[in-house]
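> here is the input, now give the coordinates:
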Amino acid sequence: MIVPEGWEFKKLGSVAELQRGFDLPSSKRVDGSIPIISSGGLTGFHNEFKAKAPGVVTGRYGSIGDVFYIKEDFWPLNTALWVKDFHSNDPEFIYYMLSNFDFKKFSDKTGVPGVNRNDLHIVKVGVPPYSEQRKIAQILSTWDKAIATTEKLIAASQQQKKALMQQLLTGKKRFAGFSEEWEEVELGKLLDYKQPTPYLVKSKDYSDEYATPVLTAGKTFILGYTNETVGIYQDDLPAIIFDDFTTASKFVDFPFKAKSSAMKILTAKKGFSIKYIFEAMQMLDYNVGGHQRHWISIFSNIIIQIPSLPEQQKIAAVLTAADQEIDALQSKLAHFQQEKKALMQQLLTGKRRVVLDSEQ
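Here you go, the predicted structure:
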């Protein structure tokens, strides 16, 4: 093992001593301003603290691998491990060091994931001098601030789009030049549907190097990429993919393969905007009841308000612009996160050395 100049390799226990958190049943919690930190992060507040700030907390069992930097006095719960003694090391550096640590490798082979602090304490870790620790922490915290700022911008843009939808898709706000009455039409009269059978992916051998995305209408959306060249849906785009069981839906404007036979592929009938209809579907307050298919028997009968095609297209264009702004911010966020991850790998191993203020 190559030791960077000026660094030492020490057992983790002599660098950051971990301690199990403290029991605090809900019945014994008293309203206050002291954060209660569990293996999953902030879980409430209490009127008494057990650990002084700054603090570093990670999961002991249940949720393993998340690491939290606490800037105020806190109560670490018994599901967590907290750094009892930093041994004169920089707490923020220790936070980043542990964030780069593979806790799951030490997880107990039981039904519930968990780690034993004694196993962690004997692991050798690279430790630079304090001045270099501080500089590394400052650099990485700058990236964290950029990430947090971008996340706030995304949340604000999403909220702005939601407000636009509330105004534009209900007719509360109309664009100049449009005054015709809106109609109420069933979704089944606006959309045609196709079964996904001809477009189902055959192999789960996905790779980011392949060209065609494999889609689900659920939260994951893109499950991976396939190299299959037959049965790619690409003829009638854009389209809506609709989960027949959960009623989740996604707007798709690129060729794809489908993962599940429970998906419906919806396309707009002539004279209607697929983007407008998709956005209107996102406004529906529909509660899924029981495990059944929904499109043909139920969902296609739901009525939405629909303006003339030119007004549909105008509304769709405004909401598309809002989507593009959100997409640009999300791409920026992904870039920041990837850059920070790569930088952590370099700085926390000594492969890339920082320039200290005294050396400038």
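> pretty sure Ile147 belongs to a strand, no?
No - assessed by DSSP: H, G, I helix; E, B strand; the rest coil, Ile147 does not belong to a strand; its assignment is helix.
> so where's the protein uncertain?
For the chain, applying pLDDT under 70 flags the ranges 1, 108-112, 357-360.
> any idea how it splits into domains?
Domain ranges of the chain: 8-127, 183-306, per automatic domain parsing.
> relative to the whole chain's centre, how far out is the longest one?
The gap between the average C-alpha position of domain 183-306 and the chain average comes to 22 Å, counting by Cα atoms, centre = their mean, to the nearest Å.
> what sits against the closest residue to Asp90 other than its chain neighbours?
Computed as Cβ to Cβ, 6 or more residues apart in numbering, the closest residue to Asp90 that is not its neighbour in sequence is Gln133, at 4.1 Å. C-betas here are computed from N, CA, C, even on glycine. Taking Cβ atoms under 8 Å, 6 or more residues apart in numbering as the contact definition, Gln133 lies against 89-90, 93, 127.
> what's the closest non-adjacent residue to Ile147?
Phe336 (5.0 Å).
> and what of Lys173?
Gln167 (3.8 Å).
> do His294 as well
Here the residue nearest His294, using Cβ to Cβ, 6+ apart, is Thr247, at 5.4 Å.
> for the stretch 201-350 of the chain, which segments are assigned as helices?
274-282, 309-347 (DSSP state H, counting those that start in this stretch).
> quick revisit: any chance of TSV for the domains of the chain, columns mean neighbour count and distance to Lys162?
Listed next are these as TSV, based on neighbours: other Cβ atoms under 10 Å; distance: least, Cβ to Cβ, whole Å:
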stretch	mean neighbour count	distance to Lys162
domain 8-127	17	25
domain 183-306	16	9
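> and the ones you listed: which comes nearest Ser141?
The closest of these to Ser141 is domain 8-127. By Cβ to Cβ, the value is 6.5 Å.
> for the closest one, measure first residue to last.
5 Å (Cα to Cα, to the nearest Å).
> ok, stretch 234-252 next?
10 Å.
> contact partners of it?
Contacts of stretch 234-252 (Cβ under 8 Å, 6+ apart): 191, 193, 215-219, 221, 233, 253-256, 258, 260, 262-267, 274-275, 277-278, 281-282, 286, 288, 291-295, 299.
> cool, stretch 25-39 as well?
21, 24, 42-49, 55, 57-64, 66, 68, 70, 72-77, 79-80, 82.
> likewise for stretch 203-221?
With contacts defined as Cβ under 8 Å, 6+ apart, stretch 203-221 is touched by 201, 222-229, 232, 241-243, 246, 248-250, 252, 254-260, 263.
> CA atoms of it as CSV?
Provided in CSV are the C-alpha atoms of stretch 203-221 (Å, rounded to 0.1, in the frame of the first residue of the first chain):
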residue,chain,number,x,y,z
SER,A,203,-33.0,-9.8,-22.1
LYS,A,204,-32.2,-8.1,-18.8
ASP,A,205,-28.6,-7.8,-19.9
TYR,A,206,-28.6,-4.0,-19.7
SER,A,207,-25.6,-1.7,-20.3
ASP,A,208,-25.2,2.0,-20.4
GLU,A,209,-23.2,1.4,-23.6
TYR,A,210,-26.3,0.1,-25.4
ALA,A,211,-28.5,2.5,-27.4
THR,A,212,-32.2,1.7,-26.6
PRO,A,213,-33.7,2.6,-23.2
VAL,A,214,-36.0,0.1,-21.5
LEU,A,215,-38.8,1.9,-19.8
THR,A,216,-41.3,1.5,-16.9
ALA,A,217,-44.1,3.9,-16.1
GLY,A,218,-43.0,3.9,-12.4
LYS,A,219,-40.6,6.2,-10.6
THR,A,220,-37.5,4.5,-12.0
PHE,A,221,-38.6,5.3,-15.6
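> gap between stretch 317-337 and the chain center?
Distance, centroid of stretch 317-337 to centroid of chain: 14 Å (Cα atoms, centre = their mean).
> now stretch 21-34
On Cα atoms, centre = their mean, the centre of stretch 21-34 falls 29 Å from the chain's centre.
> gap between the two ends of it?
15 Å.
> residue contacts, the closest residue to Gly32 other than its chain neighbours?
Leaving aside its sequence neighbours, Gly32 sits nearest to Asn47 (Cβ to Cβ, 6+ apart; 3.0 Å). Shown in contact with Asn47 (Cβ under 8 Å, 6+ apart): 30-34.
> repeat for Pro54
Pro54 neighbours (Cβ under 8 Å, 6+ apart): 69-71, 91-92.
> those in helices, which ones?
If you go by DSSP state H, the contacts of Pro54 have 91-92 in helices.
> could I get the contacts of Pro54 as TSV with distance to Ile139?
What follows is those, written out as TSV (distance: Cβ to Cβ, whole Å):
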residue	distance to Ile139
Tyr69	15
Ile70	21
Lys71	18
Pro91	16
Glu92	11
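> which pair in the contacts of Pro54 spans the largest distance?
Maximum distance among those (Cβ to Cβ): 11.0 Å, for Ile70 and Glu92.
> how far off centre is stretch 93-109?
Using Cα atoms, centre = their mean, the offset of stretch 93-109 from its chain centre is 20 Å.
> oops, could you answer that again for stretch 69-80 instead?
23 Å.
> then stretch 160-168?
23 Å.
> any chance you could list what contacts it?
Under Cβ under 8 Å, 6+ apart, the answer for stretch 160-168 is 172-173, 279, 282-283, 315, 318-319, 322-323, 326.
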